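Enquirer: Output the structure for:
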Amino acid sequence: GTALIMGGTDHPLTIPGPDPPSDIDEYVDWAYGNFIGPSQLCGPSCTKVGVFTPAEFWPITGLHSMTFDQSVPIGLANLDDCLRGKPCTVTNAGPPFTSSGSRPVTDTSYTVFGYSQSGAIASLQKSDLIAHPIAEDVSFVFLSNPNRPNGGILERFVGVHIPILDVTFNGPTVTNSPD
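Expert: Next up is the predicted model:
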């Protein structure tokens, strides 16, 4: 299997990027060692790949950053491409991570790791996979998910949009997947 690991806000997991390769190595080891590995969803010979998301949230990530509602769809499109075998922007399998680029990621099973902002991306991806399934087996691991059912901030006020921050409260992560 392949672990598709995404970072949280301000951590796009790309080289060059705001995080040096050693920080990406540490993050991926932390995500795998503490959450993906113990879940046993990825199997014993899991390939670990950093998946690019812009991970921007104006003004937190800078005055010239994208807003949350601009950043999330870009990350979602990239994750969807990875899962559907299309070229997607990833940081090479590792660690150690040494480069990023666009390439297809092909496997028969995936474990998607979403943390914070990338949890919102993974939530949207999960809904899309229920509506438009793929042949591959896909599991999800969420941490600090803003769409967490009964507790995530984005599920609390469904339909509300905060214009100045460009954040839409889009509801909880679906829990009615077929498997």
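
Enquirer: Now do the same for G114: helix, strand or coil?
Expert: Each residue gets one of three states, and G114 gets strand by DSSP: H, G, I helix; E, B strand; the rest coil.

Enquirer: Now for it: which residues touch it?
Expert: Contact analysis of G114 by C-beta atoms under 8 Å, 6 or more residues apart in numbering lists 6, 120-123, 140-143, 145. Just so you know, the C-beta spots here come from the backbone N, C-alpha and C atoms, and that holds for glycine as well.

Enquirer: Where does D25 fall, secondary structure wise?
Expert: Here D25 is covered by helix 21-31, with elements defined by DSSP states H and E.

Enquirer: next one: that helix to chain centre, how far?
Expert: What separates the centre of helix 21-31 from the centre of its chain is 15 Å, taken as C-alpha atoms, centre = their mean, to the nearest Å.

Enquirer: The strand or helix carrying I130 - what's its average pLDDT?
Expert: Under the criterion of DSSP H and E, I130 resides in helix 117-131. Mean pLDDT, helix 117-131: 97.

Enquirer: Show the subsequent helix or strand relative to that helix.
Expert: Immediately after helix 117-131, counting by DSSP H and E, sits strand 137-143.

Enquirer: got the buried residues for that following strand?
Expert: The neighbour-count check on strand 137-143 (16 or more other C-beta atoms under 10 Å) flags 138-143 as buried.

Enquirer: where do the strands sit along the chain?
Expert: Along the chain, counting by DSSP state E, strands occupy 2-5, 47-51, 87-91, 100-104, 109-115, 137-143, 161-162, 167-168.

Enquirer: quick one: which of those strands is nearest G75?
Expert: When the strands of the chain are compared by C-beta to C-beta, strand 47-51 sits nearest G75, at 8.0 Å.

Enquirer: relative orientation of the closest one and helix 21-31 in degrees?
Expert: Here the directions of strand 47-51 and helix 21-31 differ by 120 degrees (axes from the mean of the first three to the mean of the last three C-alpha atoms, to 10 degrees).

Enquirer: picking up where we left off before, for the helix holding I130, packing partners?
Expert: helix 68-83, strand 109-115, strand 137-143 (3 or more C-beta pairs under 8 Å, 6 or more residues apart in numbering; DSSP states H and E).

Enquirer: Could you pull out the buried residues of that helix?
Expert: Neighbour counts over helix 117-131 (16+ other C-beta under 10 Å) mark 117-129 as buried.

Enquirer: got the contact list for the nearest residue to T61 once chain neighbours are set aside?
Expert: Spatial nearest neighbour of T61, chain neighbours left out: D10 (4.9 Å); criterion: C-beta to C-beta, 6 or more residues apart in numbering. By C-beta under 8 Å, 6+ apart, D10 lies in contact with 18, 55-57, 60-61.
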